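>>> Below is the sequence, then the predicted model.
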Amino acid sequence: MNIDFTKMTALELAKKIQSGEIKVRQAVDAVYESIDKFDSTYNCYISTCKEKAYKKADEVQARIDSGNIVSALAGVPVSVKDNICTKGIKTTAASKMLENFNPIYNATVVDRMENADMIIVGKLNLDEFAMGNTTETSIFGATNNPWDTSRVPGGSSGGSAVSVAVGEAVISLGSDTGGSISQPCSFCGVTGLKPTYGSVSRHGLIACASSLDQIGPIAKDVVDCAALFEIISGKDVKDGTSMETPKFDYSKILDGDAKGKKIGIPSELLGENIDPQIKEAIQNTAKEFEKLGATVEEFSLPIVKYSVPAYYVIASAEASSNLSRYDGVKFGYSTPNATDLQDLYIKSRSEGFGMEVKRRLLLGNLVLSKDYYESYYEKALQTKRLVQQDLLKALEKYDMLLAPVAPTTAYKKDEALSSPLDMYMGSFCTVMVNLAGLPAVSVPCGFDNNNLPIGMQLIGKPFDETSIMQVAHIFQKTTDFIKTPELIQGVAK
Amino acid sequence: MNYELTLGLEVHTELSTKTKIFCNCTTEFGGEQNTHVCEGCLGMPGTLPVLNKSVVDYAIKTGLATNCSITQFNKFDRKNYFYPDLPKAYQISQLYFPICQNGFVEVNTDDGNTKRVRIKEIHMEEDAGKLIHDPWEDCTLIDYNRGAVPLLEIVSEPDLSSAQEAIEYLEKLRAILQYVGVSDCKMQEGSFRADINLSVRPVGQKELGVRTEMKNMNSFKAIARAIESESKRQIELIEEGKTVLQETRRWDDNKGKSFAMRSKENAQDYKYFPDPDLPPIEISDKQIEDIRKSLPELPEQKKLRYVTQLGLPEYDTGIITNSVHLVALFEKTAELCGNPKEAANWIMVELMKLLNDSATLPEDMSFDDTSLAKIINLLAENKITRDTAKKVFAKVFEDDVDPEQYIKDNNLAVMTDNTLIKSTIEKVVADNQKSVDEYKGGKTQALQYLIGQSMRALRGQAPAQEVTKILKELLD
């Protein structure tokens, strides 16, 4: 049977598997065939885990055959960003530092997906330690944009977004610290959810910035994302920051309505630093929502302009501390050339980390040091509180906010890395969402002159993923922006 | 010139919670290296700390027992530094909002008065692992069993002015911690450790001298020695016109001197910041009140009660109440024998002697806590002699024998057969004609000798009064 994941959602596949039309093994076969065919072009995967996947597939098949369907996505293969720990499967964070790290535990989200009878098929490429928004800083090489392989796919969850876009994965998990799910979804024309901070357990997610990190689903459409979010979300005793919330029910997404919804657009996110074509796409999206019965208006959110500096101060500070444990002593890369303890630390870390990671560790150490703590770190925390406060205030007035995901469409490779400040400004539309800990769904809403996808995001109230996904779902039902790129086979990476 | 000493202590005490502060590993001391560990306390990628709530309860208990106010909005902070015993390369501690603040402990001063030693703060943190140097392989090995065992750091104000006061303070603090049951405070296992902040100044000088911090003392005696040595060193420097450097020093008890570890100029910047993995902990009034109500009687209260209600000497109560283990034995014994004074006597005299002679600490006593009362009761009933009682107690202390069984097995009970006693004494008299003659000649010491000989012949098991009586009858 020819199964083409570019033309089939995860829930459609699940239905066929659960009805017996497709066997679980066939679905797994199809993923690996697709990887064989296309991964040399796109470089989505860091590793695959065939043996484990087929073993699990047979277990799941037996359960399905006996009529025991444990979740809406039972039998569906899923691919996981390689900063999410999988027991017995190497988890590298795309870094030389963890090139051979084999976790002895599963991330909670992995346990939950396995308990839901999903099959983990492989680990996806990312920016080293999820620091970056281009998926170019991986030691396993850059992942390529499916719409133009000379361009970046966004990041840091680039592997997750591209694998779904080109059908090398049915559905995937990414993680988002400052737009790392939303932005690659926007660059690749797929859909992703950055959940409310605290709704998905971070246990087993290799920390980038603890107060900002969240794991979320990436898929072809909103309903798929909702189905996976239902499986992975909910309080976890292994994560003190995860919250007790009412159980999310993905089926509620299907019968939502945009009628009567009040949607606000922060005018600062339609300003001069946003590409005009993107502005236009957002305005068209607004019109679409109005057609669907919502009211849309622009409002001013001045604090936004401080969100990027505040974000990079906080994210770098936390990362610098989180990544201190990679010292060459216990796990991960350890230099063979050390002469003493100090030398072991310095060489292991100098040799084990890449450029962008080092840049952020230096920045983080600076802003936490005695002389700069008050003027940088404390100020950034204050700014974070103000961003949160102002966004929550806006969300009292509006049911949700509409905004572009990124100021531009996908850029050419090497452009961003040669100009880190520009790259940081590329996070302009997304970092406020993380600073405020809000949920946001990233949805394709157009294409630019270069036939590159444009994404919009709906930002919701804390723990109200349902509302934004309902409206996003209606938008996807009534529009036609989910498209498949023309796939290229067998190009050297 | 005369100098005075200013001392403050930083005490680290490991809490006796069942599990570690941020994971479910056991806190048990020892164990094969790196077996009381998991991915969490090894700081492996992706793992997160989850607070063991009983650590907070233990900290509140300690704070209330040392007259602190409890911080109701608590946060944890990260203290960042690289060292192989610290798996995450940061220690989770409390800098900005320590859980207890502004308390005090009362101690006896050298001049017999009491003094309040103020407690600046108590904060919660995690312990580090242990580095073990292997001289054969010339390498250092790490045991992470102790890593992330919960610690309280109890920081005093510089209110102490002598080694003796410092020891008084530490003993009192240890007793309090043991009373409220938060720590076993075993210095030799490292569950009770103290760092000393010390400065000297000429008497009359207002401002404090430059202070040093001394680490690595593992007994009270070492602490006393370190204080003496460091104050002497500082005074000598000043006398020689040199300056005391603000630095951290490491005490070497074998060499009896300290060595500079790092100076203030090289002080590390720990880059403290609030730990984003641990949400703030809010402590309600009710939680504090519930814990306050559950607190046991504390050393000071107990001491007062022993003196006023039981009529014990103040000195004795001071010694007994300073050890939770002595208190336990005393209270059990007093209860079972109904004679607190006798119980206290036995502890102060016989038990102290046994402890000293065998260099045993009260916490290492291992005999049944009803045994001493049994001995006191047998003595009161005249079933054994005082001599026998002491011997039996020594045996109890050593081997935890059951006193009654031991007395029976070794035939140690008082002889009640007066004919046998008399015939034994008659034989002693017959065999010691010289002493008898001396006695009759007016030498009273000879009687003592004959009593001794008779007691020996009776193996100490006859009542002394009875023996004296019979002897006198026979001689006169």
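Cool, got the structure.
>>> measure the most centrally placed residue in chain A to chain B for me?
The centroid of chain A falls nearest to A:Ile181 when counting by CA atoms, centre = their mean (2.4 Å). For A:Ile181, the distance to chain B (CB to the nearest CB, to the nearest Å) stands at 18 Å. C-beta coordinates here come from the backbone N, C-alpha and C atoms, glycine included.
>>> if I pick that residue, what's in contact with it?
A:157, A:160, A:174-175, A:192-194, A:216, A:218, A:442 (CB atoms under 8 Å, 6 or more residues apart in numbering or on different chains).
>>> I would like the residues contacting the helix or strand hosting B:Thr62, please.
Using DSSP states H and E, B:Thr62 falls within helix B:53-65. Contacting residues not belonging to helix B:53-65 are listed as B:15, B:17-18, B:21, B:68-70, B:74, B:99-100, B:103, B:122, B:124, B:150, B:152, B:154, B:176-177, B:179-182, B:281, B:283, B:287-288, B:291-292, B:294-295, B:298 [CB under 8 Å, 6+ apart].
>>> so how far is it off the chain centroid?
Centroid displacement of helix B:53-65 relative to its chain, using CA atoms, centre = their mean, to the nearest Å, is 20 Å.
>>> Now that helix: average pLDDT?
Computed over helix B:53-65, the mean pLDDT rounds to 98.
>>> still on that earlier bit, which ones among the contacts of A:Ile181 lie within helices?
With DSSP state H as the criterion, helices contain A:Ser160 from among these.
>>> Drop anything exposed from the contacts of A:Ile181.
A:157, A:160, A:174-175, A:192-194, A:216, A:218, A:442 (16 or more other CB atoms under 10 Å in any protein chain shown).
>>> I'd like to know which of the contacts of helix B:53-65 are buried.
B:15, B:17, B:21, B:68, B:70, B:74, B:99-100, B:103, B:122, B:124, B:150, B:152, B:154, B:176-177, B:179-180, B:182, B:281, B:283, B:288, B:291, B:298.
>>> what does the stretch 151-300 of chain B have sitting close to chain A?
Contact residues, the stretch 151-300 of chain B versus chain A (CB under 8 Å from any CB of the partner chain): B:269, B:271-273, B:276-279.
>>> So which of those residues is the closest to B:Cys337?
The closest of these to B:Cys337 turns out to be B:Leu278 (CB to CB; 51.2 Å).
>>> tally of neighbours for that closest one?
Close neighbours of B:Leu278, defined as other CB atoms under 10 Å in any protein chain shown, add up to 21.
>>> Mind pulling up the pLDDT for the closest residue to it other than its chain neighbours?
Once flanking residues are discounted, B:Leu278 sits nearest to B:Phe76: 4.6 Å by CB to CB, 6 or more residues apart in numbering or on different chains. B:Phe76 carries a pLDDT value of 97.
>>> And B:Phe76, its phi and psi?
Backbone torsions for B:Phe76, taken as degrees, to the nearest 10, come to phi -110, psi 150.
>>> do A:Lys15 as well
The phi/psi pair for A:Lys15 (degrees, to the nearest 10) is phi -60, psi -50.
>>> Would you agree B:Ile407 is in contact with B:Thr388?
Yes: between B:Ile407 and B:Thr388 there is a contact under CB atoms under 8 Å: 7.3 Å.
>>> before we move on, back to that, the residue nearest to B:Leu278: neighbour count?
Neighbours of B:Phe76 using other CB under 10 Å come to 27.
>>> Also B:Asp316?
So B:Asp316, with other CB under 10 Å, has 19 neighbours.
>>> mind checking how far it is from B:Val50?
47 Å (CB to CB, to the nearest Å).
>>> Tell me which residue of the stretch 251-400 of chain A lies closest to chain B.
Across the stretch 251-400 of chain A, no residue is closer to chain B than A:Ser324, which sits at 3.4 Å (CB to the nearest CB).
>>> Thought B:Phe82 was touching that residue, still the case?
Yes: with contact defined as CB under 8 Å, A:Ser324 counts as touching B:Phe82 (6.8 Å).
>>> Tell me, how many residues neighbour B:Asp110?
Around B:Asp110 there are 12 residues (other CB under 10 Å).
>>> quick one: secondary structure of it?
Under DSSP: H, G, I helix; E, B strand; the rest coil, B:Asp110 falls in the coil class.
>>> what's it sitting at in phi/psi?
phi -60, psi -30.
>>> Could you measure from the closest residue to A:Ile84 other than its chain neighbours over to A:Lys55?
Leaving out its chain neighbours, the residue that sits closest to A:Ile84 by CB to CB, 6+ apart is A:Ala107, at 4.8 Å. For A:Ala107, the distance to A:Lys55 equals 19 Å [CB to CB].
>>> per-residue confidence at the residue of chain A positioned farthest from its centre?
Largest separation from the mean C-alpha position in chain A: A:Thr339, at 40.6 Å (CA atoms, centre = their mean). At A:Thr339, the pLDDT value in this model is 95.
>>> Could you give the number of residues near A:Gln439?
Just to correct that, residue A:439 is Pro rather than Gln. A:Pro439 has 27 nearby residues by other CB under 10 Å.
>>> Please consider this matter closed, and thank you.
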